[in-house]
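Engineer: Next come a sequence and a model predicted from it.
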2 protein chains.
Amino acid sequence: MANSTNPGAAIRPWQILEQRLLVDRSPYAKVYDEDVQLPNGEKIANFLRVELPPYVMAFALLKDNTVAMVRQYRLGLRDTMLELPAGHLEAGEDSLIGAQRELLEETGIAGSDWQPLGKYMMDANRECGWAHLFLVRGAEQVTPPNAGDLGDVSVEFLSVDEVHRAWANGELVIGPTALCIGLALDALRCQS
Amino acid sequence: MANSTNPGAAIRPWQILEQRLLVDRSPYAKVYDEDVQLPNGEKIANFLRVELPPYVMAFALLKDNTVAMVRQYRLGLRDTMLELPAGHLEAGEDSLIGAQRELLEETGIAGSDWQPLGKYMMDANRECGWAHLFLVRGAEQVTPPNAGDLGDVSVEFLSVDEVHRAWANGELVIGPTALCIGLALDALRCQS
């Protein structure tokens, strides 16, 4: 850390006084109210927490130097969008195993050279789920896609340059996909 | 698009049959149940939608080549974390104006060379808010921080290399911050 405007200050935790379950859509979502107390003694009632299940996502670079993406209708967005293959972790499932399973199910692609790109909470105030992100290189299509997903799905293959351009232009508007692309492009650049 | 396993397939939208407000914590959050119909006719009840307010975030590169970050306790994470300066847009506020306001409030920093890095929905199924991301170059501290935020806040200045290293190592676990850093580092690399 180069320096700080508040260098000696300890960042004190908040205290959770009470938690109340408001909506239970297990295993897909749980919404809570939390009453909390700040370090200065101030209390806040009904601070909403949204627990969504952890999910995995893979940036799969194939042997022909293309990247596998999926196009689907997304209810949150009210539109179709191109994203990286992803899906929920099963209960107790290791995140790498889950990423390999989801990639194979959604796109029929497998690979052996996997690298974790970190896990990320999508909302610092409310939670909104953890995304476990991965890069796999030298991947190849070994079977047809069999997503079993809701609605229509199209698997599309873009060159790394096409992915970079669409990402840098802000066209890939779903946060977890855009985050995973940034980390994967950097990993490919730094280690190639 | 290089090619597709489902090239001629149109991706058909879902139909929203009904929406019911479950939790109203305006202006901070609204939670809905939605009943939807898939293209194949199948119906899904109680698909949860979580509307969080749009927010702005800035990667501020100062004239001494450091990046301004803030460390706070984050209730979603149950821990303190280093993030880029950010905050909610006010009603009707332009996103660039909001980013300039939030950066100045949280860190006392201003700059003139602003570049949008896109806007991103944090959950494709449920919404969970739109993040409007920005890069500002040649910025400088013009006034002391005056966040008025909840709890303790420490403003810290890291070199671009320190930010890159912490980000690539997966240490900056809050999704929107990690996304904004990836886009900003790429913009700095491509245009410097």
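Structural biologist: That came through, no problem.

Engineer: Residue A:15 contacts residue A:37, doesn't it?
Structural biologist: Yes - between residue A:15 and residue A:37 there is a contact at 4.4 Å, judged by C-beta atoms under 8 Å. The C-beta positions use only the backbone N, C-alpha and C, and glycine is treated the same way.

Engineer: does chain B sit close to stretch A:63-75?
Structural biologist: Yes - on the criterion C-beta under 8 Å from any C-beta of the partner chain, stretch A:63-75 is in touch with chain B at A:66, A:71-75.

Engineer: list the buried ones in that stretch?
Structural biologist: When neighbours are counted by 16 or more other C-beta atoms under 10 Å in any protein chain shown, the buried residues of stretch A:63-75 are found to be A:66-75.

Engineer: Same check on stretch A:185-192?
Structural biologist: Buried-residue list, stretch A:185-192, by 16+ other C-beta under 10 Å: A:185-188.

Engineer: Now flag whichever of the residues of stretch A:63-75 next to chain B is closest to chain B.
Structural biologist: Chain B lies nearest to residue A:74 out of the residues of stretch A:63-75 next to chain B, by C-beta to the nearest C-beta, at 4.1 Å.

Engineer: residue contacts, the closest one?
Structural biologist: Applying C-beta atoms under 8 Å, 6 or more residues apart in numbering or on different chains to residue A:74 gives the contacts A:80-81, A:83, A:174, B:124-125.

Engineer: Export the buried residues of stretch A:63-75 as CSV, with columns for pLDDT, distance to residue B:141 and secondary structure.
Structural biologist: Converted to CSV, the buried residues of stretch A:63-75 look like this (pLDDT from 0 to 100; distance: C-beta to C-beta, whole Å; DSSP: H, G, I helix; E, B strand; the rest coil):
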residue, pLDDT, distance to residue B:141, secondary structure
A:66, 97, 45, strand
A:67, 98, 40, strand
A:68, 97, 44, strand
A:69, 97, 41, strand
A:70, 96, 44, strand
A:71, 95, 44, strand
A:72, 94, 44, strand
A:73, 95, 46, strand
A:74, 96, 40, strand
A:75, 96, 43, coil
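
Engineer: and residue A:79, what does it touch?
Structural biologist: Contacts for residue A:79 were tallied using C-beta under 8 Å, 6+ apart; they are A:73, B:13.

Engineer: Equivalent analysis for the one 3 residues further on, please.
Structural biologist: Residue A:82 makes contact with A:69-71, A:156, A:166, A:171-172, A:177, according to C-beta under 8 Å, 6+ apart.

Engineer: can you tell me which residues contact the spatially most distant residue from the centre of chain A?
Structural biologist: Taking C-alpha atoms, centre = their mean, the residue of chain A most remote from its mean C-alpha position is residue A:41, at 35.0 Å. Counting by C-beta under 8 Å, 6+ apart, residue A:41 makes contact with nothing.

Engineer: Same question for the one 5 residues further on.
Structural biologist: The contact partners of residue A:46, taken as C-beta under 8 Å, 6+ apart, are A:33-35, B:25.

Engineer: which two of the residues you listed lie the greatest distance from each other?
Structural biologist: For the contacts of residue A:46, the farthest-apart pair by C-beta to C-beta is A:35 and B:25; their separation is 13.0 Å.

Engineer: Would you point out which residue is most central in chain A?
Structural biologist: residue A:131 (3.3 Å).

Engineer: Helices of chain A, residue ranges please.
Structural biologist: All helices of chain A, identified by DSSP state H, fall at A:95-107, A:160-168, A:175-191.

Engineer: taking the mean pLDDT, what do you get for the longest strand along chain A?
Structural biologist: For chain A, the longest strand by residue count, based on DSSP state E, is strand A:127-141. On average, the pLDDT along strand A:127-141 is 97.

Engineer: and that strand with strand A:66-74, angle?
Structural biologist: Angle, strand A:127-141 to strand A:66-74, by axes from the mean of the first three to the mean of the last three C-alpha atoms, to 10 degrees: 140 degrees.

Engineer: picking up where we left off before, nearest to residue B:48, of the contacts of residue A:74?
Structural biologist: If you rank the contacts of residue A:74 by distance to residue B:48 using C-beta to C-beta, residue B:125 comes first, at 8.2 Å.

Engineer: Let me see the backbone angles for that closest one.
Structural biologist: Residue B:125 adopts backbone torsions of phi -90, psi -40, taken as degrees, to the nearest 10.

Engineer: Excluding residues flanking it in the chain, which one is nearest it?
Structural biologist: Spatial nearest neighbour of residue B:125, excluding adjacent residues (C-beta to C-beta, 6 or more residues apart in numbering or on different chains): residue A:76 at 5.0 Å.
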